[in-house]
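I'll drop the sequence and a predicted model, then ask my questions.
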Amino acid sequence: MSPASDIAHDCALRSRIEALNTDYAHCIDDDRLEDWPGFFTADGCYRVITRENHDLGLPISLIYCAGKGMLNDRISAMRTANVFEPHTYCHVVGAASVLASTGAEHRVRANFTVTRTMSDGAMSVFACGKYLDRVVDDAGRLILAERVVVLDSRRIDTLLVIPL
Amino acid sequence: MSPASDIAHDCALRSRIEALNTDYAHCIDDDRLEDWPGFFTADGCYRVITRENHDLGLPISLIYCAGKGMLNDRISAMRTANVFEPHTYCHVVGAASVLASTGAEHRVRANFTVTRTMSDGAMSVFACGKYLDRVVDDAGRLILAERVVVLDSRRIDTLLVIPL
Amino acid sequence: MSPASDIAHDCALRSRIEALNTDYAHCIDDDRLEDWPGFFTADGCYRVITRENHDLGLPISLIYCAGKGMLNDRISAMRTANVFEPHTYCHVVGAASVLASTGAEHRVRANFTVTRTMSDGAMSVFACGKYLDRVVDDAGRLILAERVVVLDSRRIDTLLVIPL
């Protein structure tokens, strides 16, 4: 490809990845959580891990779901079994950086912050960190083969029930 | 259109909408508020509403301006009549999601956070939520036929004088 | 150029600038600070200034580095001489607005927030404001001839050791 078409290709890929990240965030923030597993492949993996453990190569995750069954179970449990104070998230996701790309898969990183609002109106920065993703094309739509949510803080609120 | 040109079209539209959102945010954050009504159509509508009221379908807005006259009046009042402690906003607006598009109008959603800094230097997350917009093309420039600012928190600071 | 190619050109330029801003943020947030001077030209200028001083046209900067030597020295000092409590940053940078463009140089503005996490896990909004940049093309890669970091708050934490 020529440099100009390289640039156009890179811009389009970043734009599509950011559309994925935006749709993912809006899905959660609008409480359409039953749609959340749909952002993953059938055997897609979702993990939440602290930066400390991630940097040390420790595998211990705060949340670990492998495959759509576990992702769906997580939402079902939240809707039926978990008792918690109502609250909402507002994700702001930074622009995506494509770390590596094969034809079939893109390794991507993006920063995020989540502002949480409790039912009494109290707001706080609940979480921040980065998404480390493996993104694949599924019949023209980008979805996640893996999302690792790396949290900057190791002081995790016990109220980690809605996905990040 | 071919899929490739579809993708290019979608990316260009999102990019132009994000440019609108960015210019809008910078206009407010730089205190160029007299330019703020220029982001709306002549009969453009601007509302600020809590998520609680929005989800219940209640029409009660915290702020409601219909048409450029009301938008201009709001800024005039702020400049001349309102007495308040000086403060600045720093908007960070997430990427835009195009919910629906006709040739003439795009329905768009984007998340935002506003960090407020008081004159003594104190910073806080002042507001977060989403913009629900109707965006139209005005001779090659995208502007707002409607912006509904949905705030996650119902605990609204009395100091809501600068537009969000 | 035709309007359509104008739009494509503008979108590609914004996308490339945002890629620069994203890579810059990730470099710092991932503690790859030795790579940070590489985002600047050989005589690139980096300044951190409060909004108050910037708006008054006062030249007093909190940090001032002119040229890669000073940028490298800053990181060396931080790694070897400075004693401070470990902490990390999470940048979220808003979309870029191109204020002016010649063939050779682009004047750009973007908003940012930095959430700081201390080693005990405490998170806070550490800084917010805007980047005012002069961006140039260096053999196909965009880099900074100048970055002025304008901080909204004049209440600066003494712990300003990692670059913003």
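Arrived safely, thanks for sending.

what about the residue of chain A found nearest chain C, how many residues close to it?
Among all residues of chain A, residue A:155 sits closest to chain C, at 2.7 Å; criterion: CB to the nearest CB. All C-beta spots, glycine's among them, are computed from the backbone N, C-alpha and C. For residue A:155, the neighbour count with other CB atoms under 10 Å in any protein chain shown is 13.

what helix or strand is whichever residue of chain A sits closest to chain B located in?
In chain A, the residue that lies nearest chain B is residue A:121 (2.7 Å; CB to the nearest CB). Using DSSP states H and E, residue A:121 sits within no helix or strand.

okay, the angle between the longest helix seen in chain A and helix B:3-29?
When chain A is parsed with DSSP state H, its longest helix is helix A:3-29. If you take axes from the mean of the first three to the mean of the last three CA atoms, to 10 degrees, helix A:3-29 sits at 70 degrees to helix B:3-29.

is chain C contacted by helix A:3-29?
Yes: Helix A:3-29 reaches chain C (CB under 8 Å from any CB of the partner chain) through A:3, A:7, A:8, A:10, A:11, A:14, A:15.

check contacts around the closest residue to the fifth one other than its chain neighbours.
Nearest-residue entry for residue A:11: residue C:15, 3.9 Å, with adjacent residues in sequence omitted and distances by CB to CB, 6 or more residues apart in numbering or on different chains. Taking CB atoms under 8 Å, 6 or more residues apart in numbering or on different chains as the definition of contact, the neighbours of residue C:15 are A:10, A:11, A:14, A:15, B:15.

burial measure for the residue nearest to residue A:112 when sequence neighbours are not counted, as a count.
Leaving aside its chain neighbours, residue A:112 sits nearest to residue A:93 (4.7 Å; criterion: CB to CB, 6+ apart). Counted with other CB under 10 Å, residues neighbouring residue A:93 total 22.

the one 5 residues further on now?
For residue A:98, the neighbour count with other CB under 10 Å is 16.

specify the beta-bridge partners of it.
Note on residue A:98: beta-bridge partners by DSSP bridges are residue A:108.

ok, the residue nearest to residue A:112 touching residue A:20?
No: using CB atoms under 8 Å, residue A:93 is not in contact with residue A:20, being 9.9 Å away.

interface residues of chain A facing chain C?
A:3, A:7-8, A:10-11, A:14-15, A:51, A:92-97, A:109-113, A:125, A:128-130, A:152-156.

narrow those to just the buried residues.
For the residues of chain A next to chain C, a burial check counting by 16 or more other CB atoms under 10 Å in any protein chain shown picks out A:7-8, A:10-11, A:14-15, A:51, A:92-97, A:109-113, A:125, A:128-130, A:152-153.

mind listing the helices for chain A?
Under DSSP H, chain A gives helices at A:3-29, A:51-56, A:68-80.

for chain A, what's the longest strand?
Counting residues, the longest strand in chain A under DSSP state E turns out to be strand A:123-138.

count of residues packed around residue A:13?
Around residue A:13 there are 20 other residues, counting by other CB under 10 Å.

contacts only, for the closest residue to it other than its chain neighbours.
Distances taken as CB to CB, 6+ apart place residue A:98 nearest to residue A:13, at 6.3 Å, with adjacent residues excluded. Contact analysis of residue A:98 by CB under 8 Å, 6+ apart lists A:10, A:13, A:14, A:17, A:106, A:107, A:108.

looks like residue A:153 contacts residue C:124 (just checking).
No: in this structure residue A:153 lies outside contact range of residue C:124 using CB under 8 Å: 10.6 Å.

can you list the residues of chain A near chain B?
Checking chain A against chain B by CB under 8 Å from any CB, the hits are A:8, A:11-12, A:15-16, A:18-19, A:21-23, A:25-26, A:29, A:88, A:90-93, A:95, A:113, A:115, A:117, A:120-125, A:140.

now the buried members of the residues you listed.
A:8, A:11-12, A:15-16, A:18-19, A:21-23, A:25-26, A:29, A:88, A:90-93, A:95, A:113, A:115, A:117, A:123, A:125.

the residue of chain A closest to chain C contacts residue A:127, correct?
No: counting by CB under 8 Å, residue A:155 sits too far from residue A:127 to count as a contact (10.5 Å).

contacting residues around residue A:164?
Contacts of residue A:164 (CB under 8 Å, 6+ apart): A:28, A:48, A:89, A:112, A:114, A:127, A:149, A:151.

if we go to 10 Å?
Remark: with contacts taken as CB atoms under 10 Å, 6 or more residues apart in numbering or on different chains, residue A:164 is in contact with A:25, A:28, A:46, A:48, A:62-63, A:89, A:91, A:112, A:114, A:126-129, A:131, A:147, A:149, A:151.

now do residue A:70
A:37, A:40, A:44, A:45, A:46, A:63, A:64.

ok, so of the residues you listed, who is nearest residue B:55?
Ranked by distance to residue B:55 (CB to CB), the contacts of residue A:70 are led by residue A:37 at 23.3 Å.

so what's the residue count around the closest one?
Neighbour tally, residue A:37, other CB under 10 Å: 21.

so it touches residue A:43, yeah?
No: judged on CB atoms under 10 Å, residue A:37 makes no contact with residue A:43 at a distance of 11.7 Å.
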